[in-house]
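1. below is the structure, and that's it, no one-letter string:
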């Protein structure tokens with residue numbers, strides 16, 4: 001066995017430790033490639049657009065979250081469920097938190113991989129981080145007619161002769 005002087009041994013250990021730190025620094029995300037949505041758009045089995053009020057544009061039709069889930073249930077029954085689905089913003093709406101939560105729920109229910117376009121960068125939807133929520137039907141805001149505006153249930157007296 002060869003005996004090395006103490007100083008040489010310490011120097012060797014320092015070089016080894018330094019090179020390990022340099023190599024670990026290369027793996028810390030500095031070389032991470034970001035993929036743009038444009039590069040990958042054709043690689044998905046289905047593309048759905050976000051629409052106003054938590055709705056989705058599916059093949060040109062505006063569907064509520066529950067109807068979009070029904071669409072995927074139908075595709076599953078037909079044996080045509082996509083393996084990867086891309087959610088993109090539409091001309092009328094950007095992707096909101098509500099869209100991601102609904103999409104995360106569909107991802108859990110139907111088992112496809114869901115991605116979304118985040119300002120040109122492709123990101124995978126993680127149902128735990130997004131906090132998947134139950135699918136809901138769309139309810140449009142109720143509009144009052146002109147006769148009812150400015151009145152409440154207690155205003156005015158009841159006149160039986162008027163009815």
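-> The structure has been received and is ready for your questions. These numbers were taken from a predicted model, which means no experiment stands behind them.
2. low-confidence ranges, this structure, go.
-> Scanning the chain with the threshold set as pLDDT under 70 gives 1-4, 7-8, 11-41, 133, 135-163.
3. strands along that one, start to end?
-> For the chain, applying DSSP state E gives strands covering 46-50, 56-58, 61-63, 84-89, 113-118, 121-124.
4. could I get these as a markdown table with distance to residue 134?
-> In this view, the C-beta of every residue, glycine as well, is placed from N, C-alpha and C. Formatted as a markdown table, the strands of the chain follow (distance: least, Cβ to Cβ, whole Å):
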| stretch | distance to residue 134 |
| --- | --- |
| strand 46-50 | 18 |
| strand 56-58 | 16 |
| strand 61-63 | 16 |
| strand 84-89 | 18 |
| strand 113-118 | 16 |
| strand 121-124 | 21 |
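5. so which of those is nearest residue 78?
-> strand 46-50 (13.3 Å; Cβ to Cβ).
6. so which elements touch that closest one?
-> Applying 3 or more Cβ pairs under 8 Å, 6 or more residues apart in numbering; DSSP states H and E, we find strand 46-50 packed against strand 56-58, strand 84-89.
7. can you list the strands that it pairs with?
-> Looking at strand 46-50 with DSSP bridges, its partner strands are strand 56-58 (antiparallel), strand 84-89 (parallel).
8. and the angle for it with strand 113-118?
-> 50 degrees (axes from the mean of the first three to the mean of the last three Cα atoms, to 10 degrees).
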